[in-house]
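1. the following comprises the amino acid sequence and a computationally predicted model.
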Amino acid sequence: MDASATPSPRAAAMLEVAGLHKVYAGAGRTVEAIRAVTFTVKAGALVCIVGPSGAGKTTLLKCIAGLLPPSGGKVVLDGEAVAGPPPAMAVVFQEYGRSLFPWMSVWANVELPLKQKRLPAARRRALVDDALAAVDLTEAHGAYPWQLSGGMQQRVAIARAVAYEPQVLLMDEPFAAVDAQTRADLEDLIRRLWQRLKVTVLFVTHDIDEAVYLGERVLILSHAPTVIMEDVAIDLPGERSQLETRSLPRFGELRKHVYAQIQLAKQGWRPPGERKT
Amino acid sequence: MSSTRMLAFGRQAGLALGLPAVLVAVWWVASAGSANFYFPPLQTIARMFVEVWVSPRIFDDVLPSLARLAAGYFAAAALGLLIGIPIGLSRGLRNLTEPVLEFLRAIPPPALVPILILFAGIGDTMKTLVIVSGCIWPVLLNTVEGVRGRDEVLEEVAQSYRIGALARLWHFIIPSASPQMFTGLRQALSIGIILMVISEMFAASNGLGFAIIQFERSFAVPEMWTGIILLGLIGILLSLLFRLAERRILRWYHGLRQSQRSDG
């Protein structure tokens, strides 16, 4: 990364999750999804959250996004407690086929949130143009989402998030449903956008390789009721490439380490000192 | 490419019009020279059709009927959407209204005619109300279902991008319910035509239903047949217009469905 870039004045915590706890109360049955999750994300960081299936990844992300009220603990975004979706946050959802409005063109999909922000038309136009260019979809602006391939649809969703100019970008397994080659392209797109826009990214995935390749830091989640198992620093070079980075010995080590932890999580690992449930 | 499409279109049109043409031909031949008073030759009916309907009757009977149909249909559509959307949005409201709606829907609208006459007399208001009372149910119930069945991922998208209540209604809830709304509107249209005729058979001084009853009572059998044929033609024409409007408004929906089908 550019070494001369001035550090953000708020280089401390952009996002702070403290003692987050979530219990689903059903009819006569309660399910504890998240026991206690605490971490902070510095401004401009790219942090991946990885966990086995059933680790409450989506629940955690929805609590952070303000879409689900936590049962305990708090989420603080840039100094303000989150209660409902904050204006400085954008979410990219896993189900690309269901997260774009099928009755609107690509352009209108990206523009709608900006209209809600009451931005003037010229500013909206510039933001939508830039965002669609950034994901290489300038040509497709008039198409309907369902006329595009899965990877392109997810790029539209990314463009919508980028045009929104968030401080924090949340991504919930955004590439889980696209094919492997498209996924590699989209991963590089996320790295490029992150470096260019200096946005803070929290990327949830179940894919260990993806987490290690993308992140500067990987948070490993335990099985539900979720706690953070480990906070792994990814000391790979800043410039990443699918070919070079993935064949580095260090990549292999990190991948192996995270993989082993996930295996432990699947086998029901609990933090030391926790009483058996 | 375009010539094969022309060919496909031609074949479709041929299939659509083929059976009606055959049926008309059979009727024409079978009824030729018929001496049965109640089943006059189709040739006679056809000649009479022009004589009866290309006349001031267009203004005296056809247009008043269509005006009442339009008034009743659009009022029912507006009411159905207006009441259906809030019910679809709120589970509490749904639980509260469901038994009442099921009861009201089960009442055959013609049974309401005597009551409506008491309240609204025998004029246009009564006839329009009969149409409303029948057309509203398919629109209302389908709107409730359509609004209720909206996608929860899109709901979260709207929430996370802080789409305001009005924009959410206009850009999300109504469009996502629109395919089902159109299903209801299509059912309401055929019900509306039926009720238009029935309401004019009770206490009326003009209209298509009134004309058909008049012809029947004065033993003008060929004229009566022309009225029935005209009703059929109006029904086809309105449903064609409806399909055109639907194709235009729900273009995205048909495209989406097709792309989902081709994905397997």
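-> That came through fine. Numbers count the residues shown, from 1 in each chain, chains lettered A, B, ... in the order given.
2. let me see the contact set for the most centrally placed residue in chain B.
-> Residue closest to the average C-alpha location in chain B (Cα atoms, centre = their mean): B:L189, at 1.0 Å. When contacts are counted by Cβ atoms under 8 Å, 6 or more residues apart in numbering or on different chains, B:L189 touches B:73, B:135, B:238-239, B:242. Placement of C-beta: from N, CA and C, glycine included.
3. check those residues and tell me the two furthest apart.
-> Taking every pair in those and measuring Cβ to Cβ, the maximum separation is 14.4 Å, between B:C135 and B:S239.
4. more neighbours, these two?
-> More neighbours surround B:C135 than the other of B:C135 and B:S239, with 30 against 14 (other Cβ atoms under 10 Å in any protein chain shown).
5. surely A:L100 meets A:P145?
-> Yes. In terms of Cβ atoms under 8 Å, A:L100 counts as a neighbour of A:P145; the distance is 4.0 Å.
6. where does the chain dip in pLDDT?
-> In the absence of a named chain, this looks at chain A. Across chain A, the stretches falling below the confidence threshold (pLDDT under 70) are A:1-11, A:275-277.
7. try chain B instead
-> Within chain B, the stretches falling below the threshold (pLDDT under 70) are B:1-2, B:263-264.
8. how close does the spatially most distant residue from the centre of chain B get to B:F59?
-> Relative to the mean C-alpha coordinate of chain B, counting by Cα atoms, centre = their mean, the farthest residue is B:S160 (39.4 Å). From B:S160 across to B:F59, the span is 57 Å (Cβ to Cβ, to the nearest Å).
9. try B:P86
-> Shown here: B:P86 relative to B:F59, a distance of 41 Å by Cβ to Cβ.
10. the more surrounded of these two?
-> Here B:P86 and B:F59 are compared on neighbour count by other Cβ under 10 Å; more neighbours surround B:P86, at 14 against 10.
11. how about that one: what's its closest non-neighbour residue?
-> Distances taken as Cβ to Cβ, 6 or more residues apart in numbering or on different chains put B:L93 closest to B:P86, at 6.1 Å, once the chain neighbours are dropped.
12. and B:G209, by the same measure?
-> Distance criterion Cβ to Cβ, 6+ apart; nearest residue to B:G209, sequence neighbours excluded, is B:E200 at 3.1 Å.
13. quickly run through the sheet partners of the strand or helix carrying A:L169, with directions.
-> Assignment of secondary structure by DSSP states H and E places A:L169 within strand A:168-172. Strands adjacent to strand A:168-172 in the sheet, as given by DSSP bridges, are strand A:89-92 (parallel), strand A:200-205 (parallel).
14. adding mean neighbour count, write these out as JSON lines.
-> Formatted as JSON lines, the strands paired with strand A:168-172 follow (neighbours: other Cβ atoms under 10 Å in any protein chain shown):
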{"stretch": "strand A:89-92", "mean neighbour count": "26"}
{"stretch": "strand A:200-205", "mean neighbour count": "25"}
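15. nearest to A:A36, of those?
-> Of all those, strand A:200-205 sits nearest to A:A36, with 18.0 Å by Cβ to Cβ.
16. name the next helix or strand downstream of the closest one, please.
-> Later in the chain than strand A:200-205, the nearest helix or strand by DSSP H and E is helix A:208-214.
17. angle of the helix or strand following that next one against strand A:200-205?
-> On the C-terminal side of helix A:208-214, the nearest following helix or strand under DSSP H and E is strand A:217-221. Here strand A:217-221 runs at 40 degrees with respect to strand A:200-205, directions being taken by axes from the mean of the first three to the mean of the last three Cα atoms, to 10 degrees.
18. who's in contact with strand A:217-221?
-> A:37, A:39, A:45-52, A:55-57, A:60, A:211-212, A:227-234, A:254, A:258, A:261-262, A:265.
19. repeat the analysis, applying 6 Å as the threshold.
-> Residues from elsewhere that reach strand A:217-221 (Cβ atoms under 6 Å, 6 or more residues apart in numbering or on different chains): A:39, A:47-51, A:55, A:211, A:228-234, A:261.
20. likewise for stretch B:125-145?
-> Residues lying outside stretch B:125-145 but in contact with it, judged by Cβ under 6 Å, 6+ apart, are B:68, B:71-73, B:75-77, B:79-81, B:83-84, B:87-88, B:105, B:109, B:112-113, B:116-117, B:120, B:180-181, B:183-185, B:187-188, B:191-192, B:195-196, B:199.
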